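A.B. asks: After the sequence you'll find the predicted model.
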Amino acid sequence: MDSDEEFFASAAVINVVMKKTTGIHPLNRNRLKGEFNSLYKNLRQYPDKFFNYTRMSINTFDYILTKIHSKLEKCWTNFVVNPITPCEKLILTLRYLATGASFTSLSYLFKIGRTTVSVIVKETVKALWEELQPKHMPQPSKEMITEIADDFWKLWKFPNCAGAIDGKHIRIQCPPHSGSMFYNYNKFFSVVLQGVADSNCKFIAIEVGGYGKQSDGGTFNASQFYRQLILITNTNLPGSSIKMPYVFVGDEAYPLLETLLRPYSSRTINAEREYFNKRLSRARRCIECAFRIMTSKWRLLWKPIETVPDFVDIIVKAICILHNAIIDLEGSPNVNQDTHTSNENNGSEVFTQQVKDLDNLFVMPFAVYVYKYALILKIHKYNISKTYLVLGDFSQSLSNFFQTTSRLW
């Protein structure tokens, strides 16, 4: 064969071309009857149904599609009759994340081959992270930490708090030849997601990929975040000239560091320390709420993810960045209001604290934590109505209060 014309006219090349044009399974040849082509345009006419289907508003979906369109667009040829558009790829990926459906189920619904579904999901979640991360989860700066600390003080009354940290086990299918590396204390296989959240339940930083058998403390010690804590600077406590470092708050699984606070042990608890634990726990619930919001929206996290661990890492990072993008565009969930707690069994009702003035801050570990506030407690079971007005001696008043109300806490 001396010319290109003779080469392309050869029987071998013609067979390859013919195989390419007939390589689609008969069930998938008419993709126009698939879920995307028959449902997507109609869904956009009903915003509430669209939100339920994609887990986001139409405006948020359009924004994300614009961001990743160039990453998902292919150089098409005339061999492809009905090319898979970036919009269809994003819809398919969102349905995978939102429902946890298998690649096989999605292939039947969208009339796309199973292997193609896998490639599309991997391509899309990677594009989501690469395109959205610089804006919606940037590397924390000094100005950003200062703003987060101000929000924690305004919303949760915890000073100099730069974030709440915790870990979450992401269920996975047991990787081959992995032994017990991914088997955790809850008796299932997992990789560990370590997240840091701000006061609005948005992720500041995440690290995913730790072995399931590791504890939260072990994952923390092996993380890049731990090595970055030495860069945290000092600043004045709100309304004070006392300089203290910005701190992160975690649970008992984390070590006590100058820049990482954990609750006091129950073995050495007293009234003041119990009060500190309650304040720390109230600030730390931001990361707990972030995990719960993310899990309730993206149901893939309810079941073992049936892919290799490296693919799981990319999927989890995409879910986290979608979580942040939705909060940035649609607003944060309403988890910032203290609620009244009641107990019908003993007939008691504890009203939330009304902070009226704050002269200084925490008793421990910051300095002197002096509060002026009023707290009303009504105990209907014993027909007693008592009002405690704390006006200066915080320690003694709080100790008396806890001794009287120990049953209710």
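C.D. replies: Received, thanks.
A.B. asks: which secondary element of this structure has the worst mean pLDDT?
C.D. replies: strand 371-379 (a mean of 29; mean pLDDT, DSSP states H and E).
A.B. asks: mind listing what the residue lying closest to Asn59 once chain neighbours are set aside touches?
C.D. replies: Distances taken as CB to CB, 6 or more residues apart in numbering place Leu329 nearest to Asn59, at 7.0 Å, with adjacent residues excluded. For every residue, glycine as well, the C-beta is placed using N, CA and C. Residues near Leu329 by CB atoms under 8 Å, 6 or more residues apart in numbering: 57, 59-60, 63.
A.B. asks: Give me the mean pLDDT for the longest helix along the chain.
C.D. replies: For the chain, the longest helix by residue count, based on DSSP state H, is helix 271-297. Averaging pLDDT along helix 271-297 yields 91.
A.B. asks: Which neighbouring elements make contact with that helix?
C.D. replies: Helix 271-297 sits against helix 142-156, strand 161-171, strand 190-197, strand 247-249, helix 309-330, helix 394-404, with contacts defined as 3 or more CB pairs under 8 Å, 6 or more residues apart in numbering; DSSP states H and E.
A.B. asks: Test my guess that Ser102 contacts Glu306.
C.D. replies: Yes. In this structure Ser102 lies within contact range of Glu306 using CB atoms under 8 Å: 6.9 Å.
A.B. asks: before we move on, back to that, against Ala283, how distant is the residue nearest to Asn59?
C.D. replies: Leu329 is 25 Å from Ala283, where distance means CB to CB, to the nearest Å.
A.B. asks: just for the stretch 251-400 of the chain, where's the confidence low?
C.D. replies: Along the stretch 251-400 of the chain, segments meeting pLDDT under 70 span 334-400.
A.B. asks: And the strands in the chain, which stretches?
C.D. replies: For the chain, the strands defined by DSSP state E occupy 161-171, 190-197, 203-211, 234-236, 243-245, 247-249, 260-261, 341-343, 348-350, 354-358, 371-379, 384-390.
A.B. asks: between the third one and helix 309-330, how big is the angle?
C.D. replies: Read that as strand 203-211. Here strand 203-211 points in a direction 170 degrees away from that of helix 309-330 (axes from the mean of the first three to the mean of the last three CA atoms, to 10 degrees).
A.B. asks: tell me the mean pLDDT for strand 203-211?
C.D. replies: Mean predicted confidence for strand 203-211 is 91.
A.B. asks: What pairs with it, parallel or antiparallel?
C.D. replies: Within its sheet, and counting by DSSP bridges, strand 203-211 is paired with strand 190-197 (antiparallel).
A.B. asks: Can you list the neighbours in contact with the strand it pairs with?
C.D. replies: 163-172, 182, 184, 203-212, 214, 216, 219-220, 223, 225, 248, 286-287, 289-291, 309, 312-313, 316, 320.
A.B. asks: please redo it, this time with the cut-off set to 7 Å
C.D. replies: Contact partners of strand 190-197, identified using CB atoms under 7 Å, 6 or more residues apart in numbering, comprise 163-172, 182, 184, 203-210, 212, 214, 219-220, 223, 225, 248, 286-287, 290, 309, 312-313, 316.
A.B. asks: Any regions of the stretch 51-200 of the chain where pLDDT drops low?
C.D. replies: Using pLDDT under 70, the flagged stretches of the stretch 51-200 of the chain are 75-81.
A.B. asks: if you go through it in chain order, where are the helices?
C.D. replies: Under the criterion DSSP state H, counting those that start in this stretch, helices of the stretch 51-200 of the chain are mapped to 58-72, 86-99, 103-110, 114-136, 142-156.
A.B. asks: And for stretch 95-104, what's in contact with it?
C.D. replies: Contacts of stretch 95-104 (CB under 7 Å, 6+ apart): 55, 106, 114, 117-118, 121, 298-300, 302-303, 306, 319.
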